[in-house]
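> Generate a structure from the sequence data that follows.
(chains A and B)
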Protein chains: 2
Amino acid sequence: MTEYSSILLENAVNELARLPGIGKKTALRLSLHLLREDKSRTEALSRALSLLREKIVFCKKCHNISDSALCAICSNARRDENLLCVVEDMRDVMAIERTSSFNGLYHVLGGVINPVEGISPSDLKITSLIERMKTEDIKEVILALPATIEGDTTSYYIYRFIKSENLKITTIAKGVAIGDALEFADEVTLGRSIMNRTPFDNG
Amino acid sequence: MTEYSSILLENAVNELARLPGIGKKTALRLSLHLLREDKSRTEALSRALSLLREKIVFCKKCHNISDSALCAICSNARRDENLLCVVEDMRDVMAIERTSSFNGLYHVLGGVINPVEGISPSDLKITSLIERMKTEDIKEVILALPATIEGDTTSYYIYRFIKSENLKITTIAKGVAIGDALEFADEVTLGRSIMNRTPFDNG
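Below is the predicted model of the structure:
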């Protein structure tokens, strides 16, 4: 006998426990929850996951997750085609879209350079970014990568490839978070926000 | 456009977020994880969940989750048929089995009486328990329900139905956990463990 008294249950627990952040105990709790709920709920979940993995498309232009060959942002004529924002993954696109303060296009790298985890430039969508710089009429590139060593490394790597006289290359501002007391900001952030201080009537 | 830039992704996130303890952010993280991994992983997960809900069987005798009409414990001739342990759900069976200190049979109620959550005796496998008392040769029933008001209520409810002259009815000992310092035990537990003290050479 297996510990779970059912091979079916054991399989479900094992598969769920492969997901990040889900251990065997949580996997068992989730499985028992599904067993208590109506059969249609499990069917809907199972089908949604299958379809996601089977049918998902990545936008051929910006590499964001999409339902069609060209994503809703890239195919939107109202977006500013001269402005390109380079991000790590689609969650960053979602986060920036929620701010409603950006109306350009995106380029999703799919990660940042990370030798420790074995992610090299060739694993990222950098070649296609360089290609876009040649074929599209981009006037400004915003490097909106994480404020980490890996993010900075990737930004600099890209910068070296795309820099040219007519192109403005910027990065998102780093500093004390809005609403945060200075005493709670870490030293590096606070130091950088003093160095990169802006004219008062600008903020 | 949906917030997730793909209906497929949105569906997967919504279905995952219906699970207890999983919010939208975790659901998105899990979905993106599946997309990064090999297609076969998602297929295996999806299939395991479908099969679990579709094919699961409950033992006709003890109501534990099983792969066959009679579970591995009920059909094991080496188990003591005179001893019956009544538990809330299958996780308790697993927990008791792990201790290797019980060799009898189980009866899984599928919950405890809880008026607040609308769980009445008729929602539990109590009728079939009373039936087992008549048809099987049970000499001792161990009520191993949670040490809560609901558990105690259920124990007493069952006790009134099954008590008879030739039947020994016991409950699991409640007290200070092995390895715990007394100062960290709550007052009710400590008080009860003093009231229910046992001869020293017994422990």
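
> shouldn't residue A:169 be in contact with residue A:159?
Yes - Residue A:169 sits in contact with residue A:159 when judged by C-beta atoms under 8 Å, with a separation of 6.0 Å. (Glycine included, C-beta is placed from N, CA and C.)

> shared neighbours of those two, anything?
Here residue A:169 and residue A:159 have residue A:143 as joint contacts, going by C-beta atoms under 8 Å, 6 or more residues apart in numbering or on different chains.

> Only alpha carbons, please: show the helix of greatest length in chain A as PDB.
Secondary structure assigned by DSSP state H gives helix A:39-55 as the longest helix of chain A. Only the C-alpha atoms of helix A:39-55 are listed here, as PDB (Å, rounded to 0.1, in the frame of the first residue of the first chain):
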ATOM      1  CA  LYS A  39     -16.200  17.000 -10.700                       C
ATOM      2  CA  SER A  40     -16.600  19.900 -13.100                       C
ATOM      3  CA  ARG A  41     -14.100  22.000 -11.100                       C
ATOM      4  CA  THR A  42     -11.300  19.500 -11.500                       C
ATOM      5  CA  GLU A  43     -12.200  19.100 -15.200                       C
ATOM      6  CA  ALA A  44     -12.100  22.900 -15.700                       C
ATOM      7  CA  LEU A  45      -8.700  23.200 -14.000                       C
ATOM      8  CA  SER A  46      -7.200  20.200 -15.800                       C
ATOM      9  CA  ARG A  47      -8.400  21.500 -19.200                       C
ATOM     10  CA  ALA A  48      -7.300  25.100 -18.500                       C
ATOM     11  CA  LEU A  49      -3.700  23.900 -17.700                       C
ATOM     12  CA  SER A  50      -3.600  21.600 -20.800                       C
ATOM     13  CA  LEU A  51      -4.900  24.300 -23.100                       C
ATOM     14  CA  LEU A  52      -2.500  26.800 -21.700                       C
ATOM     15  CA  ARG A  53       0.600  24.700 -22.400                       C
ATOM     16  CA  GLU A  54      -0.700  23.300 -25.700                       C
ATOM     17  CA  LYS A  55      -2.100  26.500 -27.400                       C
END
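
> how close does residue A:119 get to residue A:157?
Applying C-beta to C-beta, to the nearest Å, the value for residue A:119 to residue A:157 is 12 Å.

> between these two, which one's more packed in?
residue A:119 (17 against 14; other C-beta atoms under 10 Å in any protein chain shown).

> With the flanking residues excluded, which residue is spatially nearest to that one?
In this structure, residue A:119 finds its nearest non-sequential neighbour in residue A:111, 5.2 Å apart by C-beta to C-beta, 6 or more residues apart in numbering or on different chains.

> Next: residue A:106.
Nearest non-adjacent residue to residue A:106, counting by C-beta to C-beta, 6+ apart: residue A:62, 4.8 Å away.

> After the longest helix of chain A, heading C-terminal, what element do we hit next?
Next along the chain after helix A:39-55, taking DSSP states H and E as the criterion, comes strand A:57-58.

> May I have the strands that pair with that following strand, each with its orientation?
Paired strands of strand A:57-58, with direction, are strand A:65-66 (antiparallel) (DSSP bridges).

> Check the offset of the strand it pairs with from the chain's centre.
A distance of 12 Å separates the centroid of the chain from that of strand A:65-66, by C-alpha atoms, centre = their mean, to the nearest Å.

> How about the lowest-mean-pLDDT helix or strand in chain A, which residues are buried there?
In chain A, no helix or strand scores lower on mean pLDDT, DSSP states H and E than helix A:187-195, which sits at a mean of 82. Within helix A:187-195, the residues scored as buried using 16 or more other C-beta atoms under 10 Å in any protein chain shown are A:190, A:192, A:193.

> got those as a markdown table, with distance to chain B columns?
Below are these laid out as a markdown table (distance: C-beta to the nearest C-beta, whole Å):
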| residue | distance to chain B |
| --- | --- |
| A:190 | 28 |
| A:192 | 27 |
| A:193 | 27 |
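
> before we move on, back to that, find residues that contact each of residue A:119 and residue A:157.
Any residue near both residue A:119 and residue A:157 by C-beta under 8 Å, 6+ apart counts here, and that gives residue A:113.

> average pLDDT for the longest helix of chain A?
When pLDDT is averaged over helix A:39-55, the result is 94.

> now it against helix B:39-55, angle please.
Computed by axes from the mean of the first three to the mean of the last three C-alpha atoms, to 10 degrees, the angle separating helix A:39-55 from helix B:39-55 equals 160 degrees.

> Does helix A:39-55 reach chain B?
Yes - for helix A:39-55, a contact with chain B is found by C-beta under 8 Å from any C-beta of the partner chain, at A:39, A:41-55.

> For ChimeraX, write the selection for the buried entries among the residues you listed.
Only the buried members of these enter the following ChimeraX selection, criterion being 16+ other C-beta under 10 Å:
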select /A:41,42,45,46,47,48,49,50,51,52,53
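
> Spit out the contact partners of the residue nearest the centre of chain A.
The residue lying closest to the centre of chain A (C-alpha atoms, centre = their mean) is residue A:89, at 2.1 Å. Residues counted as contacts of residue A:89 (C-beta under 8 Å, 6+ apart) are A:108, A:109, A:110, A:111, B:32.

> Inside helices: which ones of those residues?
Per DSSP H, the contacts of residue A:89 map to helices at residue B:32.

> As TSV, the contacts of residue A:89 with pLDDT and distance to residue A:200 would be great.
TSV is the format used below for the contacts of residue A:89 (pLDDT from 0 to 100; distance: C-beta to C-beta, whole Å):
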residue	pLDDT	distance to residue A:200
A:108	96	36
A:109	95	35
A:110	92	39
A:111	92	38
B:32	90	41
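
> So which of the contacts of residue A:89 is surrounded by the most neighbours?
residue A:108 (25 neighbours).
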